[in-house]
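Engineer: Dropping the sequence and predicted coords here.
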Amino acid sequence: MPVATASRVLTRPFFDRAVVAVARDLLGKFLVRRIRGRAVAVMITETEAYDGPRDRACHAHRGRTPRNAPMFGPAGHWYVYFVYGMHWMLNVVTGESGYPAAVLIRGVGDWDGPGKVTKALAIDGGFSGKAADGESGLWIEDRGVVVDRKNIRAAPRIGVDYAGAWARKKWRFVLDEG
DNA sequence: ACGATGATGAAC
DNA sequence: TTCATCATCGTA
């Protein structure tokens, strides 16, 4: 007899909203990675929003390229890219198709730093453009964790000083310990 | 404070 | 084809 689970896989309607709202709402959700039949789940504790062609910190600011193409696609898909010759960055696409926006998963569980997240869960560019679902082996679940608004801290995004005024927008969200 | 390390995109 | 840049991390 299966036990009713509080776990719910997040689908397109969750992601098909304004990117800043999605970034905030992803705190307390679980990133789940299937490896050899096992599901490894870790709670999302830090995110950043990248919002469209006008946001100078967003990769889509300079238009569509082969790399950032997934950002222009439908919400609920991964955008994964390689930086600094070493690290894979995991983003999930948000908003309506054609509008390039995505949330960077910066921290999960005890792993602070987007490069550590992908390394720990064996995530690489092969996921870019794939759907965030069971088929891709990487998805996000709501496991019933209730996040108090008071435990969410908003701060400027990391590593985007080149973006001028856009670098000062508080589009980074951190889940503080309750 | 800095070097590792290589894909990306824009310029030529 | 070259070149500067880069949504980072570990070590000093």
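Structural biologist: That came in fine, so what should we check first?

Engineer: Need phi/psi at the residue in chain A that DNA strand B sits nearest to.
Structural biologist: DNA strand B sits closest to residue A:85 of chain A, with a gap of 2.4 Å, by Cβ to the nearest atom of the strand. Glycine gets a C-beta too; all of them are placed from N, C-alpha and C. Note on residue A:85: backbone dihedrals following degrees, to the nearest 10 are phi 70, psi 10.

Engineer: All the helices of chain A, residue numbers only.
Structural biologist: With helices called from DSSP state H, chain A shows them at A:12-15, A:19-25, A:114-120.

Engineer: before we move on, back to that, next one: the residue of chain A closest to DNA strand B from residue A:119, what distance?
Structural biologist: As for residue A:85, its distance to residue A:119 is 14 Å (criterion: Cβ to Cβ, to the nearest Å).

Engineer: Which one of the two is surrounded by more residues?
Structural biologist: Neighbours per residue, other Cβ atoms under 10 Å: of residue A:85 and residue A:119, the larger number sits with residue A:119, 15 against 5.

Engineer: and the longest strand for chain A?
Structural biologist: strand A:38-51 (DSSP state E).

Engineer: Near DNA strand C, which residues of chain A are found?
Structural biologist: Within reach of DNA strand C by Cβ under 7 Å from any atom of the strand, chain A has these residues: A:48, A:50, A:57-59, A:71, A:79, A:83-87, A:89, A:91, A:102, A:104, A:113-116, A:157-160, A:162.

Engineer: Mark which of these are buried, thanks.
Structural biologist: For the residues of chain A next to DNA strand C, a burial check counting by 16 or more other Cβ atoms under 10 Å picks out A:48, A:50, A:57-59, A:71, A:79, A:89, A:91, A:102, A:104, A:114-116, A:157, A:160.

Engineer: now, of the helices of chain A, which is deepest in the fold?
Structural biologist: Stretch with highest mean neighbour count among those: helix A:19-25 (a mean of 22; mean count of other Cβ atoms under 10 Å).

Engineer: Pull the distance from that helix to the chain's centre.
Structural biologist: A distance of 9 Å separates the centroid of the chain from that of helix A:19-25, by Cα atoms, centre = their mean, to the nearest Å.

Engineer: which one of the buried ones among the residues of chain A next to DNA strand C sits closest to residue A:40?
Structural biologist: Nearest to residue A:40 among those: residue A:116, at 14.2 Å, using Cβ to Cβ.
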